[in-house]
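Engineer: Sequence and predicted model, in that order:
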Amino acid sequence: MSGIDLQDPPTPPSPAPGAGRTKRVVTEVPSVVDRRFNAITMGAGISVLVLLLLVGAFLLIQSSDAISQTGILRFLTRTEWRTDVQPPAIGVLGLLTGTVLVAVVAVLFAVPLSVFCALAITEYSTARRRKWLIGVVDLLAAVPSLLFGLWGFLYLSDKMIPISTWLSQNLGFIPFFHTEKNASLTGSIFIAGVVVALMVLPIITSVTREVFSQTPPGEKEAALALGGTRWGMIRSVVLPYGRGGIIGGSMLGLGRALGETIAVALLLPQVPQRIGDSIHILQNGGATVSGFIANRAGADAFTVSGLMAAGLVLFIITLATNMIASVVVARSRSGAGVDL
Amino acid sequence: MTDIHERALPMTETLVAESPAVGRATIIGGPPPGAATLEARGACAWFGDRLVLEGVDLVMPAGQVTALIGPSGCGKSTFLRLLNRMHELIPGAALDGEILLDGTDIYATGTRAQQVRMRIGMVFQKPNPFPAMSIRENVLAGLKLARLKCDEKDDLVEQSLIRAGLWKEVRDRLDSAGGALSGGQQQRLCIARSLAVQPNVLLMDEPCSALDPTSTRRVEETIDELRGEVTVVIVTHNMQQANRVSDICAFFLAAENQPGAVVEQGPTRKMFENPDDPRTLDYVEGRFG
Ligand SMILES: Nc1ncnc2c1ncn2[C@@H]1O[C@H](COP(=O)(O)OP(=O)(O)OP(=O)(O)O)[C@@H](O)[C@H]1O
Ligand SMILES: [Mg+2]
């Protein structure tokens, strides 16, 4: 053993692993049926994409007039909307503020309600009641936005006044909840948000329901077998599993809420929020992009071009929200928690 | 020689290093201490209109290990789930007969299922730790779910993991995710989770069927150590395992289109060496099933 010298014998140069090998190309000839089906599905997918691009291009072309005259930066950062002065001063920021506020109020109302709806459907129902409840929620989705808007305008607006009054009197110290003296409490962002909440409830409910129903049954049984109540099981298993779905569903709802037109057109006075003015969500006031467009459509060419520009901004924001939402929902299916 | 030594050493180490040196952590509001006798009287089970289990009378004595054996589909899992009221969770499921826990019917009106399940723990065929929770949270999950209090949580985690034979492998990473363990470790984590509530009875439905031989042996060691402290009821398809771990054995059988029933029951030794029913002998010797 010790007689051998400690120097390593010279090792012959070994070829790099995989040298001299080429990757075989595997070809698969799809059957006629597969090829046809492929073509049809590809065609459908592409046409949706083309449609989306066309809408974007249309908005871009139509709005170029207003944007080039105003300047893109000024258009995005200015709040007033005046076409009666020369040169006309139009900016989308005031509209965006209203849009986002309405959508946020809507989502804040709709998410808890939707989650409880989804839990009632997946965890607390017999098969028959489940079907029935799903049907009711789907029916809500089928109600035209216009009807929600009319109902909110003619009925809900007045009924909400006591709530708005109570909120402003007791929680008025929270910045947005403040109301000015003698301000009208109808036609507020708060009421618009509540109405939009009803419109986005079905989509959030169906996304969260879908994710909840995929909770691994083994984990649910484990929680029950440890002596947990149904609610305990939901808290420790279903909700953590469905967290990604709740976040994704809320964002999808947000995307929907951002674009809801008619309801908000009827409800809000469509006066864009001005920078520097404090925001009052409980009192009369506010405007949203879509509502503003609906109110002003049919005006002179420049106004229409400006409206198109506002629409383009809304289009981009909604698209981005929806895309992030679908990524979140898709990732949540894997069962792992999603962190945003 | 060396071979035997190397294999024997971990076991002795297990016994020395992992046997709980101190007493049990006390859980406030938990099950009463000690093992409990479980007795089925005329137990029947239906799924919808289909009777799958009929007239099972079986005593599972306190602190002993009872093995349920029998071919696939004869109602062993169904019977096991009758014992801790998991059966009623399946829509359309119904039952008849009595299940007595230390003489009290667990289906008596006024008895809450949660209370029963807290006293009668269950380990499932497929390991089902809570993947989003850490190892330690997994062990303590039962306390949270059953709303029990314990002032010595660290002790409880350690004791439960030691009893499940998992402590040495995970003591350095109690805060890592429970889902990141191997299958065998996950199953032992599930056993630790069940033991942490300090139940009187532990039901196990083919706990080793997804495990490698080493993990299987660890689980069998665990069952052996639980003897006397907890009543164990285990379903297994592995005859050697039934023979190794159980004191009492019950053989279930269902004839075609007939509900399952217990054909023979008795001390494991007798069931495996000279059973009364020829079908039992055929089954334990692997001649049908
Ligand atoms: N959820 C259910 N709904 C309807 N029938 C069921 C359900 N679960 C089990 N069964 C039926 O009850 C009978 C007994 O099933 P069980 O799962 O108790 O058998 P087992 O002895 O545990 O079988 P295995 O050894 O394969 O696990 C089977 O015939 C099965 O088809
Ligand atoms: Mg089974």
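Structural biologist: Cool, the structure landed. Ligands and ions are numbered 1, 2, ... in the order given.
Engineer: give me phi/psi at the residue lying closest to B:Pro127 once chain neighbours are set aside?
Structural biologist: Nearest non-adjacent residue to B:Pro127, counting by CB to CB, 6 or more residues apart in numbering or on different chains: B:Gln186, 3.7 Å away. (Each C-beta comes from the backbone N, C-alpha and C, glycine too.) Backbone geometry at B:Gln186, expressed as degrees, to the nearest 10, gives phi -60, psi -40.
Engineer: residues in contact with whichever residue of the stretch 51-200 of chain A sits closest to ligand 1?
Structural biologist: Going by CB to the nearest ligand atom, ligand 1 is nearest to A:Ala127 of the stretch 51-200 of chain A, at 13.1 Å. Each residue near A:Ala127 by CB atoms under 8 Å, 6 or more residues apart in numbering or on different chains is listed here: B:Pro91.
Engineer: same check, this time on the one 5 residues further on
Structural biologist: A:Trp132 makes contact with no residue, according to CB under 8 Å, 6+ apart.
Engineer: Specify the local secondary structure of it.
Structural biologist: Three-state secondary structure (criterion: DSSP: H, G, I helix; E, B strand; the rest coil) places A:Trp132 in helix.
Engineer: contact partners of the helix or strand of chain A with the lowest mean pLDDT?
Structural biologist: Every helix and strand of chain A was ranked by mean pLDDT, DSSP states H and E. The lowest is helix A:262-267, at a mean of 76. Helix A:262-267 has contacts (CB under 8 Å, 6+ apart) with A:102, A:145-146, A:148-150, A:152-153, A:157, A:187, A:191-192, A:195-196, A:199, A:288, A:290-292, A:294-295.
Engineer: Just the buried residues out of those, in PyMOL syntax.
Structural biologist: Remark: buried members of the contacts of helix A:262-267, expressed as a PyMOL selection using 16 or more other CB atoms under 10 Å in any protein chain shown:
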select buried, chain A and resi 102+145+148+149+150+152+153+157+187+191+192+195+196+199+288+290+291+292+294+295
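Engineer: Just the ones of the contacts of helix A:262-267 in helices?
Structural biologist: If you go by DSSP state H, these have A:102, A:145-146, A:148-150, A:157, A:191-192, A:195-196, A:199, A:290-292, A:294-295 in helices.
Engineer: can you pull the contacts of A:Trp81?
Structural biologist: By CB under 8 Å, 6+ apart, the neighbours of A:Trp81 are A:89-91, A:94-95, A:272, A:292, A:306.
Engineer: would CSV of these with secondary structure, pLDDT and distance to ligand 1 be doable?
Structural biologist: As requested, the contacts of A:Trp81 are exported to CSV (DSSP: H, G, I helix; E, B strand; the rest coil; pLDDT from 0 to 100; distance: CB to the nearest ligand atom, whole Å):
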residue, secondary structure, pLDDT, distance to ligand 1
A:Ala89, strand, 80, 69
A:Ile90, strand, 83, 64
A:Gly91, coil, 85, 63
A:Gly94, helix, 85, 59
A:Leu95, helix, 86, 56
A:Pro272, coil, 81, 60
A:Phe292, helix, 84, 56
A:Gly306, helix, 87, 63
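Engineer: closest to A:Ser250 among these?
Structural biologist: A:Leu95 (22.7 Å; CB to CB).
Engineer: residue contacts, the closest residue to the closest one other than its chain neighbours?
Structural biologist: Nearest residue to A:Leu95, sequence neighbours excluded (CB to CB, 6+ apart): A:Val289, at 4.7 Å. By CB under 8 Å, 6+ apart, the contact set of A:Val289 is A:92, A:95-96, A:98-99, A:258, A:310-311, A:313-314.
Engineer: Poorly predicted segments of the chain, please.
Structural biologist: Defaulting to chain A. A:1-12, A:298, A:332-340 (pLDDT under 70).
Engineer: not quite, I wanted chain B
Structural biologist: B:1-23, B:288-289.
Engineer: All the helices of it, in order from the start?
Structural biologist: Using DSSP H, helices in chain B cover B:2-18, B:76-83, B:113-119, B:135-145, B:153-163, B:167-170, B:183-196, B:213-226, B:239-245, B:268-273, B:278-284.
Engineer: Using TSV, lay out the ones you listed together with distance to A:Phe176 and mean neighbour count.
Structural biologist: Shown next, in TSV, are those (distance: least, CB to CB, whole Å; neighbours: other CB atoms under 10 Å in any protein chain shown):
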stretch	distance to A:Phe176	mean neighbour count
helix B:2-18	59	11
helix B:76-83	53	24
helix B:113-119	43	21
helix B:135-145	37	24
helix B:153-163	43	21
helix B:167-170	49	18
helix B:183-196	46	26
helix B:213-226	58	18
helix B:239-245	66	19
helix B:268-273	72	18
helix B:278-284	74	17
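Engineer: How much space separates the residue of the stretch 151-289 of chain B found nearest chain A from B:Ile162?
Structural biologist: Nearest residue of the stretch 151-289 of chain B to chain A: B:Val197, at 6.3 Å (CB to the nearest CB). Separation of B:Val197 from B:Ile162 (CB to CB, to the nearest Å) stands at 16 Å.
Engineer: Repeat that for A:Thr41.
Structural biologist: Counting by CB to CB - A:Thr41 and B:Ile162 are separated by 57 Å.
Engineer: Next: A:Arg129.
Structural biologist: Distance, A:Arg129 to B:Ile162, using CB to CB: 46 Å.
Engineer: Against which helices or strands is the helix or strand where A:Trp231 lies packed?
Structural biologist: Taking DSSP states H and E as the criterion, A:Trp231 maps to helix A:230-233. Under the contact definition 3 or more CB pairs under 8 Å, 6 or more residues apart in numbering or on different chains; DSSP states H and E, helix A:230-233 sits against helix A:217-225, helix B:135-145.
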